[in-house]
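Novice: just to be clear, the model below is a prediction. Sequence and coordinates:
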Amino acid sequence: MSDDHDIERFEDLLQGFDHAMLVSVANDGSLHARPMAIADSDGAALSFATSNRSAKATEITMRPGVAVVMQAAGAYLAISGTARLVDDRARVEVLWRDDWQLWFPEGPGDPALVLIEVDPDRAEYWDRTGARRLEFLWEAGKAMAAGRRLSEKELSGHGKFTFG
């Protein structure tokens, strides 16, 4: 596991995202990605709302390994983990958002509404925001001028870790 600073930076960056791409394994073995609104996050653990009748619910039931990726304005996050469907009415009530009404017209009591909980195994971030963006541009310019490859090791703003 990496140091606590990496985990804290990852969690700080994660708070800036309200959507992510959830990637599951389809029945034919191909990867299936779709955008999802993040319903909740706790550390690197994520929750999404879905229908228990959806393709993603079937895919997760059959093959629970998933990836979650996010990108925006110089911040990039990736999580690999295990997903499971959770039917917890009390938690759905707490997390309920009015815009979910489009997919769940019966409201938080809609029997099709379940949560996808993603328990992380690994996470990684690339932070190219603020001063780290300037650092990246500076180091990239030096590498180009020298005709060499830019190494992630030369840059701050990158971290990866596993969860035990």
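Specialist: Alright, I've got the coordinates.
Novice: OK, contacts around T129?
Specialist: L13, A73, G74, A75, G157 (C-beta atoms under 8 Å, 6 or more residues apart in numbering). Every C-beta, even on glycine, is put in place using the N, C-alpha and C of the backbone.
Novice: looking at these, spot the one nearest F48.
Specialist: L13 (18.3 Å; C-beta to C-beta).
Novice: which residues in the chain form strands?
Specialist: 19-25, 31-37, 40-42, 45-51, 65-72, 75-86, 113-127, 158-162 (DSSP state E).
Novice: state the pair within the contacts of T129 that is farthest apart.
Specialist: A73 and G157 (13.4 Å).
Novice: and H19, how many neighbours?
Specialist: Applying other C-beta atoms under 10 Å, we find 12 residues neighbouring H19.
Novice: how much space separates it from Y125?
Specialist: From H19 across to Y125, the span is 17 Å (C-beta to C-beta, to the nearest Å).
Novice: next one: A44
Specialist: A44 is 10 Å from Y125, by C-beta to C-beta.
Novice: which neighbours do these two have in common?
Specialist: With C-beta under 8 Å, 6+ apart as the test, A44 and Y125 both reach F10.
Novice: enumerate the beta-bridge partners assigned to V23.
Specialist: Taking DSSP bridges as the rule, V23 bridges to A33, A67.
Novice: by mean pLDDT, flag the weakest helix or strand of the protein.
Specialist: Ranked by mean pLDDT, DSSP states H and E, the weakest helix or strand in the chain is helix 130-146, scoring a mean of 64.
Novice: and the nearest residue to D87 once chain neighbours are set aside, what are its bridge partners?
Specialist: In this structure, D87 finds its nearest non-sequential neighbour in V114, 5.0 Å apart by C-beta to C-beta, 6 or more residues apart in numbering. Beta-bridge partners recorded for V114 (DSSP bridges): T50.
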